[in-house]
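Peer 1: Just the structure for this:
(2 chains)
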Amino acid sequence: MQPRLATTPVPRSFGPVNWRGVYALYKRETVRFYRYAAETLAGPAISALMFLAVFHLALGGEEARPGISLSAFIGPGIVMFMMAHGAFEGGSIPILFHKMEGMITDVISAPLTPLEMLAGYVLPATTSAMTVGAVVLALVAVFVDLPLHSVTAIVGFAFAASLLMALLGLVVGIWAERWDGYSAVETFLVAPLGFLSGAFFPVDNLPETVRWIFHVNPVFQAVEGFRYGFIGQAQTSLVLAASVLAGMSLVLGLIAWRMLAVGYRIKP
Amino acid sequence: MGAVNWRGLWTLYLKEVRRFLNVFTQTLMAPVITTLLFLAIFALALGGAGRQVAGVPYIEFLAPGLIMMTMMQNSFANTSSSILIAKVQGNIVDVLMPPLSAGELTLGIAAGGVTRGLMVGVAAGLAMWIFVPLRLHDPAVLLFHAVNASLMLSLLGMIGGIWSEKFDHIAAVTNFVITPFSFLSGTFYSIQRLPETWQIVAHFNPFFYLIDGIRYGFIGRADGAIALGLVVVPAVNAFLWLVAHRMFATGYRLKP
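Peer 2: Okay, the predicted model is just below:
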């Protein structure tokens, strides 16, 4: 047996969970997020202000519901809209990019269990999306007189919705083989989920026949729960909203975990 | 090869067109869906109770502006991404090396962007026509503004793409220039709703004339003076063309 040189790398030992590995992945994606802040942070912030401005200019002074100004109603909706979209992009783009550029091997060959890989991709997307939400919210609050009802609901639904959309993004990112497939999902599923979520208008004015489309949309549940944290009223029961978000996160999490475990479209 | 390299120009144009047709889900279908979603949310939020803007049902007021906005965004995206990706990946030499003059380069790339803008506009218009009764009040004015809007944004995209060195830069141009100017162009509201001073400010936004002009082409109603738009828009385009031409001629941020 050869003597171990001082420079020979020693295998690092870790406990049942490779925290260091998860943290390394987490940090990598978070750094990427901040590095492209012009796209990932400034983009949603400007778009949010533009949405707010055009709704205000087109409708200024009207009330969404008795006692609640249109801006106070739309403001939280826009924040959730931007958060949900940011979480989906943050969950899907990195893994698709890593697959297409071949860098995914760095993650596969690292001593990480499928669950740790899942955490390493989903958690940074979740926290980045919540950062987007915080920035957009701060900007919206400059222009809109937002009431505050329940901080728990605000933070809870922001986290639940970001996690769900990040998991959806991860599943789509693993499934997609080219930008085309990803873009098709974004156009035909994610954009309608976001726009038709009641973020921009009260759905209680809609006819009964159309309203169910909104109620089965998890982003609608997220928007209503998040908005409840500000205005103190929701078109859905909060327990239902939280259950829908948690249940769908669990299902998508299981799917993503299985995909990573069997190496679906990741390993050759 | 005569005074103009027609063959080279045509090849460059075909390359630009095939580039976006190859990924038509992203370049043609996505904008149409997004436009329909915009129509849906604004119609649901604002269209109820027979709301009218300047004597026109709100949805008929909105539709022409949305068609124009998506044409503008896509023309800009086409030329800016074409040039920037080529620069970042290094295959811009394939465009700069052939015997193409600065004028031919400007024309070929701009024509590609205009083609995408018009194709997206027609597709979005047809898709909207299912939901909104679109009229054609003045097809000549409509076509004039459709072509000029696509050209203006193609040229802006070209200038932005040449100026940018990283995707961050073009994202900043999109976020801080193109998005605000197009959202605040009077697509979603009549500028007559604005306070006096902001109405004057709105007239300094060239996109305002494009939106207003195409709306006149569809429904025969305008916020500003149509004649003024017919002068301002070509003037802006001529200026942008000169800038883009100079950039290609001097090789600004294109040649080492």
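
Peer 1: and the strand or helix carrying residue A:242, average pLDDT?
Peer 2: Assigned by DSSP states H and E, residue A:242 belongs to helix A:238-262. Averaging pLDDT along helix A:238-262 yields 97.

Peer 1: and what of stretch A:56-64?
Peer 2: Throughout stretch A:56-64, pLDDT has a mean value of 79.

Peer 1: How far off centre is that stretch?
Peer 2: The chain centroid and the centroid of stretch A:56-64 are separated by 29 Å under C-alpha atoms, centre = their mean, to the nearest Å.

Peer 1: how about the residues of chain B that lie near chain A?
Peer 2: B:23, B:25-26, B:29-30, B:33-34, B:37-38, B:40-42, B:44-46, B:48, B:167-169, B:171-172, B:174-176, B:179-180, B:183-184, B:187-189, B:193-194 (C-beta under 8 Å from any C-beta of the partner chain). In this view, the C-beta of every residue, glycine as well, is placed from N, C-alpha and C.

Peer 1: Just the buried ones among those, please.
Peer 2: For the residues of chain B next to chain A, a burial check counting by 16 or more other C-beta atoms under 10 Å in any protein chain shown picks out B:25-26, B:29-30, B:33-34, B:37-38, B:40-42, B:44-46, B:169, B:171-172, B:174-175, B:179-180, B:183-184, B:187-189, B:193-194.

Peer 1: how about the residues of the stretch 151-268 of chain A near chain B?
Peer 2: So the stretch 151-268 of chain A meets chain B at A:179-180, A:183-184, A:186-188, A:191-192, A:195-196, A:200-201, A:205-206 (C-beta under 8 Å from any C-beta).

Peer 1: for those, which one is nearest residue A:170?
Peer 2: residue A:186 (14.0 Å; C-beta to C-beta).

Peer 1: Quick check: residue B:131 vs chain A, distance?
Peer 2: Computed as C-beta to the nearest C-beta, to the nearest Å, the residue B:131 to chain A distance reads 14 Å.

Peer 1: I figured that residue hits residue B:39, correct?
Peer 2: Yes: assessed by C-beta atoms under 8 Å, residue B:131 is found in contact with residue B:39 at 6.8 Å.

Peer 1: These two: which is more packed in?
Peer 2: Counted by other C-beta atoms under 10 Å in any protein chain shown, residue B:131 and residue B:39 do not tie: residue B:39 has more neighbours, with 21 against 13.

Peer 1: secondary structure element for the more buried one?
Peer 2: helix B:30-46.

Peer 1: Report the contact partners of residue B:110.
Peer 2: Residues in contact with residue B:110 (C-beta atoms under 8 Å, 6 or more residues apart in numbering or on different chains) are B:79, B:151, B:154, B:155, B:158, B:241, B:244.

Peer 1: go on, residue A:255?
Peer 2: Contact analysis of residue A:255 by C-beta under 8 Å, 6+ apart lists residue A:171.

Peer 1: Equivalent analysis for residue A:257, please.
Peer 2: For residue A:257, the contacting residues are A:114, A:115, A:118, by C-beta under 8 Å, 6+ apart.

Peer 1: on that earlier part again, touching both of residue B:131 and residue B:39, which residues are there?
Peer 2: Listed as contacting both residue B:131 and residue B:39 by C-beta under 8 Å, 6+ apart are residue B:59.

Peer 1: tell me the contacts of residue 241?
Peer 2: All of this is about chain A. Shown in contact with residue A:241 (C-beta under 8 Å, 6+ apart): A:157, A:221, A:222, A:224, A:225, A:234.

Peer 1: wait, chain B
Peer 2: Applying C-beta under 8 Å, 6+ apart, the residues contacting residue B:241 are B:106, B:110, B:155.
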